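J.: Got a predicted structure here, sequence first:
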Amino acid sequence: MKKINPTAYQSEYGLDKLGIKTNKTVYWNLTVEELYEKALEKGEGNITDGGALTVTTGKLTGRAPNDRFFVETEDVKNTLWWHKGNKGISEEHFNSLFDKALKYMEGIDLFVRDAYVGSAEASRMPIRVINEYAWHNIFAKNMFIEPKAEERTKIVPQFTVVFLPGLKADPATDGTASETAILINFKKRVVLIAGSAYAGESKKSVFTVMNYMLPLKNIMTMHCSANVGPNGDSALFFGLSGTGKTTLSADPKRGLIGDDEHGWDNDGVFNFEGGCYAKVIKLSKEAEPQIFSTTHRFGTILENVVFDDNTRKLDLDSAEITENTRASYPLTFIDNAVPSERGPHPKNIIFLTYDAFGVLPPISRLSKEQAMYQFMSGYTAKVAGTEKGVKEPQPTFSTCFGGPFMALHPSKYAELLKEKMEKHNAKCWLVNTGLVGGPYGVGSRISIKHTRALLNAALDGKLNDVKFVKDDVFGFEIPTECEGVPSEILQPSAAWSDKNEYYKKYRELAAAFVKNFEKFKEGCSEEILNAAPKVEELVK
């Protein structure tokens, strides 16, 4: 058996720059094949039907938001948006835990990956990921941008992720909330992840770093998918879980730029990542054939997916370990992926929402000010069964459609959105993929056929030629007709048999928007505040 050469692609920029050393072996920028070998040798996972490496992440099968802290260094104290989701930790506590990490790494093999975040050369950031597990290094290879062969040993990282699942924090001495810690230090340019094996922590930590650094350079950062049409018309799709973001952006007639994290600079839209991290619970071969095929390919990492011990056949329907089963795979596994992972300035911006109250129109056009307000709100609804204890629909809001990862005040991202829209003449649409004709239990979900027809009409410019009516409360404009869509569903009130109940639910939703926005008032411009729903109009 041929031995692995751990230093074949060793960087000229050594680990000693961070004081890291080990008595074991450092494996530099290994191939996927080599990392498979090491992962199997170390008992980290199993090869399942088709060739994917299937792993489990232990007790944590998702992110640990309560364990994420920003280190309170002088350079960020007055810039970060401090709130209950963006908590601080002292430099002393960080240094204490990082010293423990240095000691811990002396006794283990390390897997190092040098890569880029961002496909746009002018805006990308070189990073280094240092892993305890070989499979985490495959994840890093999948998710970040692979350097050219001649660059591989010459990258000087601007940020380093140190990912050590076996290291446990001590809340009593390290100032953490538990044994798990995700610490972001902008002064030291380090993310330290301890006590969690969930791979998504590394991806989302880097996204959070970009969300802090790039907007300060006037580059928009976005938690969205992006695609581009045959005529070079890019579109952005923002939406929380369950709104149809992945399904609607995966249009075979349009090239996929990326499915999760993007930037928008002076040259256009660019993907932060080199891969996808898709939720695969109950994944259907018929409904999403391309994503399904990746779960049966060599090079894919499957997290917490159940499989048969004897046949190695996958059971994608099983939530025995978690509902949050995931697949990490290179973007090149998707047939219509854009090789450059870049696109021109967007012509259309889509905000997707699942409105379980049944009062928002299937599509509406937003002014720039309304776009800013809706963007900062990030609305959708939780319905029964999505979370423990949810029996009735509940409005839920995630700032900029990615609340946990927004390091600056939301108005900063909203102002950048307005600036980009004005400069590049982009239109913004609010698309309700939820209920029509009544609330949860009464109404029915709008058909995907009608949603696609509305979306295609917006992207193709056909809606520009129809008449719109203005909503008195939210202020957005609703088209009166669209080819292939019954006109009676375009105006929500028309589809309700009980008009009094309609206005009651509409009032409840509008009031929820206003209440949610209270936390943003300080630091927001008047033009954003004036775009709030006019709840008083519903009282008349």
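T.: Received it, and whenever you're ready, just let me know what you need.
J.: Look up the closest residue to N516, ignoring the ones flanking it.
T.: F397 (4.6 Å; Cβ to Cβ, 6 or more residues apart in numbering). Every residue, glycine included, has its C-beta placed from N, CA and C.
J.: now V269
T.: Nearest one to V269, counting by Cβ to Cβ, 6+ apart, is G343 at 4.6 Å.
J.: What's the separation between the residue nearest to C482 when sequence neighbours are not counted and K154?
T.: Leaving aside its chain neighbours, C482 sits nearest to A457 (5.1 Å; criterion: Cβ to Cβ, 6+ apart). Using Cβ to Cβ, to the nearest Å, we find A457 at a distance of 49 Å from K154.
J.: picking that back up, name the residues linked to the residue nearest to N516 by a beta bridge.
T.: Y379 (DSSP bridges).
J.: Would you map the helices across this protein?
T.: For the chain, the helices defined by DSSP state H cover 32-41, 91-105, 134-143, 171-174, 200-213, 245-249, 289-294, 368-377, 410-424, 448-459, 499-517, 526-529.
J.: To F468, which of the ones you listed lies closest?
T.: helix 448-459 (12.0 Å; Cβ to Cβ).
J.: for that closest one, packing partners?
T.: helix 245-249, strand 346-353, strand 363-366, strand 427-432 (3 or more Cβ pairs under 8 Å, 6 or more residues apart in numbering; DSSP states H and E).
J.: residues contacting S364?
T.: Neighbouring residues of S364 by Cβ atoms under 8 Å, 6 or more residues apart in numbering: W429, L430, D471, F474, F476, E477, I478, P479.
J.: Give me the pLDDT value at A495.
T.: pLDDT, A495: 85.
J.: The chain should start at 42 in everything you say after this.
T.: Will do, 42 is the new start, and the previous item becomes A536.
J.: Can you check the pLDDT for the closest residue to it other than its chain neighbours?
T.: In space, and not counting its chain neighbours, A536 is closest to G478: 4.2 Å by Cβ to Cβ, 6+ apart. pLDDT for G478: 86.
J.: Help me confirm that G478 comes into contact with S488.
T.: No: using Cβ atoms under 8 Å, G478 makes no contact with S488, being 11.9 Å away.
J.: between those two, which one's more packed in?
T.: Neighbours per residue, other Cβ atoms under 10 Å: of G478 and S488, the larger number sits with G478, 18 against 14.
J.: For this structure, give me the ranges with low pLDDT.
T.: Within the chain, the segments meeting pLDDT under 70 span 424-433, 578-581.
J.: how is it carved up into domains?
T.: 62-85+105-259, 266-300+386-579, 316-374 (automatic domain parsing).
J.: Near the closest residue to M462 other than its chain neighbours, how many residues? Count them for me, please.
T.: Spatial nearest neighbour of M462, chain neighbours left out: K409 (5.4 Å); criterion: Cβ to Cβ, 6+ apart. K409: 18 surrounding residues under other Cβ under 10 Å.
J.: Excluding covalently adjacent residues, which one is nearest to Y414?
T.: A572 (3.8 Å).
J.: so what's the one you found up against?
T.: Contacts of A572 (Cβ under 8 Å, 6+ apart): S408, E410, Q411, M413, Y414, G516.
J.: Could you work out the most separated pair of these?
T.: Going by Cβ to Cβ, the pair spanning those furthest: M413 and G516, at 12.2 Å.
J.: Beta-bridge partners for R486, please?
T.: Beta-bridge partners, per DSSP bridges, of R486: L476.
J.: doesn't L476 make contact with it?
T.: Yes: between R486 and L476 there is a contact under Cβ under 8 Å: 5.8 Å.
J.: Which one's more surrounded, these two?
T.: Ranked by neighbour count (other Cβ under 10 Å), R486 and L476 place L476 first, with 26 against 16.
J.: if I pick that one, what's in contact with it?
T.: D396, A397, F398, G399, G484, S485, R486, I487.
J.: any idea which of these is closest to K323?
T.: R486 (16.6 Å).
J.: Roughly how far does that closest one sit from Q532?
T.: 18 Å.
J.: Need phi/psi at the closest residue to K258 other than its chain neighbours.
T.: Among residues not flanking K258 along the chain, S164 sits closest, at 7.9 Å (Cβ to Cβ, 6+ apart). Main-chain dihedrals, S164, degrees, to the nearest 10: phi -120, psi 0.
J.: Number of residues surrounding S164?
T.: Neighbour tally, S164, other Cβ under 10 Å: 20.
J.: ok, it to K326 distance?
T.: Between S164 and K326 the computed distance is 37 Å (Cβ to Cβ).
J.: How about L289?
T.: 19 Å.
J.: These two: which has the busier surroundings?
T.: L289 (21 against 12).
J.: JSON lines for the helices of the chain, including distance to A93?
T.: Output for the helices of the chain, formatted as JSON lines (distance: least, Cβ to Cβ, whole Å):
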{"stretch": "helix 73-82", "distance to A93": "10"}
{"stretch": "helix 132-146", "distance to A93": "29"}
{"stretch": "helix 175-184", "distance to A93": "11"}
{"stretch": "helix 212-215", "distance to A93": "36"}
{"stretch": "helix 241-254", "distance to A93": "17"}
{"stretch": "helix 286-290", "distance to A93": "19"}
{"stretch": "helix 330-335", "distance to A93": "8"}
{"stretch": "helix 409-418", "distance to A93": "36"}
{"stretch": "helix 451-465", "distance to A93": "35"}
{"stretch": "helix 489-500", "distance to A93": "28"}
{"stretch": "helix 540-558", "distance to A93": "40"}
{"stretch": "helix 567-570", "distance to A93": "45"}
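J.: Deepest in the core, which of the ones you listed is it.
T.: Compared across those, helix 175-184 shows the largest average neighbour count, a mean of 27 (mean count of other Cβ atoms under 10 Å).
J.: by how many degrees do that one and helix 241-254 diverge?
T.: 40 degrees (axes from the mean of the first three to the mean of the last three Cα atoms, to 10 degrees).
J.: Please enumerate the strands of the stretch 242-391 of the chain.
T.: Remark: strands assigned in the stretch 242-391 of the chain by DSSP state E, counting those that start in this stretch are 261-264, 266-269, 275-280, 296-299, 302-306, 309-312, 316-320, 342-344, 347-348, 355-356, 367-371, 383-384, 387-394.
J.: same for the fourth one, what does it pack against?
T.: Strand 296-299 sits against strand 266-269, strand 309-312, strand 383-384, with contacts defined as 3+ Cβ pairs under 8 Å, 6+ apart.
J.: Out of those strands, which is closest to V321?
T.: Of the helices and strands packed on strand 296-299, the one closest to V321 (Cβ to Cβ) turns out to be strand 266-269, at 16.5 Å.
J.: ok, residues contacting that closest one?
T.: 275-278, 286-287, 290-292, 295-301, 303, 310, 312, 379, 384-385, 387.
J.: Of those, grab the buried ones for PyMOL.
T.: Buried members of those, defined by 16 or more other Cβ atoms under 10 Å, are picked up in PyMOL with:
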select buried, resi 275+276+277+278+286+287+290+291+292+295+296+297+298+299+300+301+303+310+312+379+384+387
